[in-house]
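[1] A structural model of the following input is requested.
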Amino acid sequence: MSSSTPLQFNWYACPFQTAEDGAHDDVNATPAECADVAMPLCYPGVCTSTKTINVFVKRLLAINPPADKQPRAMWMVQGGPGFGSPSLEPGLLDAYEAFNGTLSVYTIDHRGTGRSSILNCTSNGDQPKGNLNQWQALAKCHRQLKALYATVIQAPTLFNGTDVFVYGVSFGTYTVARVMHLQPSNVKGYVLDSIQSEEFGTTNAAPYYSNWDRDVGDAVDQYFAHCDKDAFCASKLGQPSSKQALVDVYAALDAKSSPCYDVLAATANATNAATPSEYVGSTLYTMLGDKSTWSLIAPFIFRLRRCSQDDVDMFGNVTTAPNAMMQTSMMSTSSLPLFVLPPNRGSAYLKDEGFSAILYNLIVFSELWEFPAPTLETMAAATTSALFGLKNTKRLPDAFQELCVYIQNNDPVCQGYPAYESGAGFIYPRDKYWNKTAAVPPGASVLLLSGLMDPATPAKYARDQFVNMK
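    So this is what the prediction gives:
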């Protein structure tokens, strides 16, 4: 996608591995180049503002010529939505080294994230004192952001004169698919890894984020199927099935008959989980989301069911870190920072992932949420049914109120919620590409990757994308 506004930027030396600040720089880090690019806010057919927005880019340039002398570059696109790019750096460096330095590699902090102009609200002097109404504050934030930036849309610009390959992971696959719709002639290959498919349809199997915990059940069933086929795992979790073993654990916890009830109730209270069962479910969800902890799932369930004194002591010593996405997305706004945007930093340093909760919710509620929205009761039931779950039902009422602030109560689930700032609300309309699967562009190829035990991007949606891709 092009714009009549020329891009103005300069590359500067930076370490490839992102550090929090200069004091944490690794003197042995791979040297790279970074740029802070003043990108057009608007593109033809989207909006007409002449404003620009800062976008951070990092690259490793090829140091060896390829055998055929044709320059090639790979862009790696992060997901979330709302995350910056630091966690992509190891994979990008692996690709660079695998091609023996014949491939230039690029990564980018999406507009609104990381070291780009982050879409956020920060505290300042006009914050009300005392008992702040967080929903009024959120609505005020939305109104100010709209006045400042109007429309926010992702429109990555790719360099000319080079054969380009674009890799996206998770929600990044949705962004990469958007590039496929535009069919830039110099992009020769697309890699979609852990796929957010593009078509939503009218069936229950639609890749809305509002179906998240319901879809987690697919990966959970896959895990238990593997356990049942493994003689050792099946012998430990018993008959009739390993899944039933966990159902029995939940029944005992809910009836307060499990010897582990008290210790898990204390932990649930400390982590703000609604019940011991929900604490267990969120812990198992976290384990399922990381391949390195898959081997802990069956022993965890085994010890929950056995629940000897040793097990009680063990669970008393277990601590579970809050899931980052659950804390910073729709699930929680109790620590909402308020009001004005920070200035562009022009720096390669970044603490954490540069996550923007505002951008996450903006994209999710605009493109990835089902409307009419499922009710609170429906979503709570999906969490319970999946056995492992991301959502915290104790926080669901706040989550729904947050949704309604974004959409200005424009859905039946918002009945009874008060109206806030006039002209607030913060979503954008679905465009002509929404709910359409991109065709494979002429002269390009596409590789799709998916895992059967991925709780975030189920394999069924990768299959949908593959079948619908013409």
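[2] how close does Ala386 get to Phe300?
    16 Å (Cβ to Cβ, to the nearest Å). Glycine gets a C-beta too; all of them are placed from N, C-alpha and C.
[3] same check, this time on Asn211
    Distance from Asn211 to Phe300, by Cβ to Cβ: 26 Å.
[4] Check Leu264 too.
    From Leu264 over to Phe300 (counting by Cβ to Cβ), the distance is 12 Å.
[5] of these two, who's got more company?
    Leu264 (24 against 19; other Cβ atoms under 10 Å).
[6] Now for that one: which residues touch it?
    Applying Cβ atoms under 8 Å, 6 or more residues apart in numbering to Leu264 gives the contacts Leu253, Ser258, Pro276, Tyr279, Val280, Phe315.
[7] and what of Ala386?
    Contacts of Ala386 by Cβ under 8 Å, 6+ apart are Asp213, Arg214, Val216, Gly217, Val220, Gly281.
[8] so of those residues, which ones are in strands?
    Among the contacts of Ala386, no member is found in strands (DSSP state E).
[9] Same list, these, but as TSV with neighbour count and distance to Thr437 please.
    Listed next are the contacts of Ala386 as TSV, based on neighbours: other Cβ atoms under 10 Å; distance: Cβ to Cβ, whole Å:
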residue	neighbour count	distance to Thr437
Asp213	24	25
Arg214	21	22
Val216	28	24
Gly217	18	24
Val220	24	27
Gly281	27	33
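[10] Now the two most distant members of those.
    Farthest apart among the contacts of Ala386 by Cβ to Cβ are Arg214 and Gly281. That separation is 13.5 Å.
[11] And the strands in the stretch 301-450 of the chain, which stretches?
    445-449 (DSSP state E, counting those that start in this stretch).
[12] Could you do the stretch 151-300 of the chain as well?
    163-170, 187-195.
[13] Quick one: those strands as CSV, columns for mean pLDDT and distance to Lys432 too.
    As requested, those are exported to CSV (pLDDT from 0 to 100; distance: least, Cβ to Cβ, whole Å):
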stretch, mean pLDDT, distance to Lys432
strand 163-170, 95, 21
strand 187-195, 97, 20
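[14] Please tabulate these in TSV, including the columns mean neighbour count and distance to Pro372.
    Compiled in TSV, the strands of the stretch 151-300 of the chain are given as follows (neighbours: other Cβ atoms under 10 Å; distance: least, Cβ to Cβ, whole Å):
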stretch	mean neighbour count	distance to Pro372
strand 163-170	23	26
strand 187-195	22	26
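[15] Let me have the ones you listed in CSV, adding distance to Ile118 as columns.
    Compiled in CSV, the strands of the stretch 151-300 of the chain are given as follows (distance: least, Cβ to Cβ, whole Å):
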stretch, distance to Ile118
strand 163-170, 19
strand 187-195, 24
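[16] Where does pLDDT dip in the protein?
    Scanning the chain for pLDDT under 70 picks out 1-8, 19-27, 122-133, 144, 146-160, 202-204, 319-353.
[17] Identify the residue nearest the geometric centre of it.
    Gly80 (2.1 Å; Cα atoms, centre = their mean).
[18] Okay, that residue and Val37: tell me how far apart.
    20 Å.
[19] ditto for Lys436
    Taken as Cβ to Cβ, the span from Lys436 to Val37 is 29 Å.
[20] what's the answer for Val77, then?
    15 Å.
[21] Which one of these two is surrounded by more residues?
    Neighbours were counted for Val77 and for Val37 using other Cβ under 10 Å; Val77 has more, 25 against 18.
[22] which residues does the more buried one contact?
    Applying Cβ under 8 Å, 6+ apart, the residues near Val77 are Thr107, Ile108, His110, Pro156, Val166, Tyr167, Gly168, Val169, Gly172, Thr175, Val176.
[23] Quick one: residues contacting the residue of the chain most remote from its centre.
    Distance to the chain centre peaks in the chain at Gln309, reaching 39.0 Å (criterion: Cα atoms, centre = their mean). Contacts of Gln309 were listed using Cβ under 8 Å, 6+ apart, and they are Pro259.
[24] The chain should start at 291 in everything you say after this.
    Let's use 291 as the start, then, which means that last one is Gln599.
[25] Not counting stretch 697-714 itself, show me its contacts.
    In contact with stretch 697-714 (Cβ under 8 Å, 6+ apart) are residues 425-426, 428-430, 432-433, 436, 655, 661-666, 690-691, 693-695, 715, 717.
[26] In helices, which of these fall?
    425-426, 428-430, 432-433, 436, 655, 666, 690-691, 693-695 (DSSP state H).
[27] Out of the residues you listed, flag the one nearest to Ala303.
    Of all those, Ala303 sits closest to Lys436, with 37.3 Å by Cβ to Cβ.
[28] Could you say whether the closest residue to Met329 other than its chain neighbours sits in a helix, a strand or coil?
    Leaving aside its sequence neighbours, Met329 sits nearest to Val345 (Cβ to Cβ, 6 or more residues apart in numbering; 4.7 Å). When classified by DSSP: H, G, I helix; E, B strand; the rest coil, Val345 comes out as strand.
[29] So of the contacts of Leu554, which two are at opposite extremes in space?
    So for the contacts of Leu554, where distance means Cβ to Cβ, the most widely separated pair is Ser548 and Tyr569, at 12.7 Å.
[30] Which residue is the nearest non-sequential neighbour of Arg468?
    Tyr723 is the one closest to Arg468 (Cβ to Cβ, 6+ apart), at 6.4 Å.
[31] ok, now which ones touch the one you found?
    Arg468, His471, Glu488.
[32] Against Phe645, how distant is the first one?
    From Arg468 over to Phe645 the distance is 21 Å, taken as Cβ to Cβ.
[33] ditto for Leu742
    With Cβ to Cβ as the criterion, Leu742 and Phe645 are 28 Å apart.
[34] Between those two, which is the more surrounded one?
    Taking other Cβ under 10 Å, Leu742 and Phe645 do not tie; Phe645 has more neighbours (22 against 14).
[35] my read: that one touches Gly369, true?
    No - taking Cβ atoms under 8 Å as the definition, Phe645 is not a contact partner of Gly369, at 11.4 Å.
[36] Now the common contact residues for these two.
    In contact with both Phe645 and Gly369: no residue, using Cβ under 8 Å, 6+ apart.
[37] residues touching the closest residue to Ala542 other than its chain neighbours, list them.
    Once flanking residues are discounted, Ala542 sits nearest to Ser548: 3.9 Å by Cβ to Cβ, 6+ apart. The contact partners of Ser548, taken as Cβ under 8 Å, 6+ apart, are Val539, Ala542, Leu554, Leu594, Cys597.
[38] between those residues, which is nearest Arg405?
    Leu554 (40.8 Å).
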